[in-house]
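1. mind looking at a prediction? Sequence and model below.
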Amino acid sequence: SYVIDQQSVVNPMLAQMQASNIGQTIIDMSSYANRYYTTNNGVNASNWLKQRWTTMAAGRSDIAVTQYTHSGWPQKSVILTITGTDNPNEVVVLGGHLDSINLSGTSETTRAPGADDDASGIASMTEVLRVMVASGYKPRRTIKMIGYSAEEVGLRGSQDIAQNHKTNNVNVVGVMQLDMTNYKGSVNDIYLYTDYTDNAQNTFVANLITTYLPTLKIGYDKCGYACSDHASWTSAGYWSSMPFEAAMGEDDPYIHTANDTYANSGNQADHALKFARMALAYAVELGSDGP
Ligand SMILES: N[C@H](Cc1ccc(I)cc1)C(=O)NO
Ligand SMILES: [Zn+2]
Ligand SMILES: [Zn+2]
C-alpha cells in the first residue's frame, strides 16, 4: 500500500548516500567507447555491470545477479534480485538502461559515453544497492534492479523483460524508471512524467519526495510518446513511474552524441543523488510491505 511508515529505516540510509559514489560509476561506465547494443563494447559494459553488482552483493545469500539473454542482439540486460523475506512473490522493480547510442551511427569504436543517458540512472540505482547492503536491509517483498539493454533502439530489452514477467504472472507491484538523472536543466528538481505512467503511483512518489526530501521541488510534464522503459511495463499492465531530470525540452542537450560526458554534466552527481535518494525511499517503503 502507499502508506509511508518506514522513516526509522529510510532516514539513516538516506544519510549514507553520496554523490561521489554515483559520479565514479558514471565515469566507469562512460569509459567504454560506447555501450551500443550490438558492439563488443556494449557486451563488455553489460558484463562489467553484472560483475560490479555481483561484487557489491557478496555475502548476501538473498541477492542474485543474472544476465537476461535477448534473442536478436548480443548485449544482455542485467537483473539483480533481492529475494523478499516473508512476502517474496510481490516484486518491486527499479530500472534504468545500460546501453548508449550515437545517433550519427554507432559502430564498434564510435564514441557514445552516455554519461547522463543513462549511466546516471544505473549509477543512482547502484548507490541504492550499496547503501542497502551496507545497512543490512532485507526487504519483505522482492526488489529487482534492472539494467536494460537496447532501450535506445525501441525499448527492446525492457519489452522482452516486462512481457516475460507478464507471461509468468509475476506480481510486480510497482516499477520506477531512472533514465537521465544528472543534468539539472530546469527550475524544479524532479519531474514526474504523467504519460505512460500510473497516476496513483506518481502521487505516492510525490508524497515520498515531500516526506523524505522536503527541500526538493517537484515538476510535472509529458513526453508525448513512449520515451523510456517505463512504457514497456505500462503496456504489460503494470504500474510505473518515470521521475526525470528536467522539463521537456530542457533536458541534457548532449544526449546521443559523443559529448554526453560526465564533464558536460558538471563533473558532479548532485542532481543524480536526489534521484538515488528518492529511489531508495520508493524501494524501501514499497519493499517493506508484508503479505
Ligand atoms: N528519449 C529519451 C530521453 C528523453 C526522455 C524524455 C524527454 I521530455 C526527452 C528526452 C531517451 O533517449 N532515452 O534513452
Ligand atoms: Zn535513456
Ligand atoms: Zn537516449
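-> Ah, there it is. Ligands and ions are numbered 1, 2, ... in the order given.

2. enumerate the residues of the chain near ligand 2.
-> 117-118, 179 (CB under 5 Å from the ion). In short, each C-beta sits where N, CA and C put it, glycine included.

3. and with 8 Å instead?
-> Contact residues (CB under 8 Å from the ion) of the chain with ligand 2: 96-97, 114, 117-118, 121, 151-152, 179-180, 228, 255.

4. dump the residue contacts of residue 288.
-> Residue 288 makes contact with 6, 9, 139-141, according to CB atoms under 8 Å, 6 or more residues apart in numbering.

5. for it, give me the pLDDT.
-> Note on residue 288: pLDDT of 98.

6. going forward, count from 16.
-> All set: I'll call the first residue 16, so the last point we hit is now residue 303.

7. on that earlier part again, in strands, which of the contacts of residue 303 appear?
-> residue 156 (DSSP state E).

8. most neighbours among the contacts of residue 303, please name it.
-> residue 156 (25 neighbours; other CB atoms under 10 Å).

9. partner residues bridging that residue?
-> Legend: beta-bridge partners of residue 156 under DSSP bridges are residue 102.

10. before we move on, the earlier item: and the two most separated of the contacts of residue 303?
-> 24 and 156 (13.7 Å; CB to CB).

11. about what we covered before: near ligand 1 too, which of the residues of the chain next to ligand 2?
-> 132-133, 166-167, 194-195, 243, 270 (CB under 6 Å from any ligand atom).

12. let's have those residues in JSON lines, adding pLDDT and neighbour count.
-> Output for those, formatted as JSON lines (pLDDT from 0 to 100; neighbours: other CB atoms under 10 Å):
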{"residue": "132", "pLDDT": "99", "neighbour count": "30"}
{"residue": "133", "pLDDT": "99", "neighbour count": "33"}
{"residue": "166", "pLDDT": "99", "neighbour count": "29"}
{"residue": "167", "pLDDT": "98", "neighbour count": "26"}
{"residue": "194", "pLDDT": "99", "neighbour count": "24"}
{"residue": "195", "pLDDT": "99", "neighbour count": "31"}
{"residue": "243", "pLDDT": "98", "neighbour count": "27"}
{"residue": "270", "pLDDT": "98", "neighbour count": "22"}
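
13. for those, which one is nearest residue 44?
-> residue 133 (9.1 Å).

14. quick check: that closest one is in a helix.
-> Yes. Under DSSP: H, G, I helix; E, B strand; the rest coil, residue 133 sits within a helix.

15. that one and residue 161 touch, don't they?
-> No. Assessed by CB atoms under 8 Å, residue 133 is found out of contact with residue 161, at 12.0 Å.

16. name the residues contacting each of those two.
-> With CB under 8 Å, 6+ apart as the test, residue 133 and residue 161 both reach residue 111.

17. and residue 256, how far from residue 122?
-> 35 Å (CB to CB, to the nearest Å).

18. with residue 100 instead?
-> Taken as CB to CB, the span from residue 100 to residue 122 is 47 Å.

19. over to residue 106?
-> Remark: distance between residue 106 and residue 122 (CB to CB) = 37 Å.

20. compare these two (neighbour count), which wins?
-> In terms of neighbours (other CB under 10 Å), residue 106 is the more surrounded of residue 106 and residue 122; the figures are 23 against 11.
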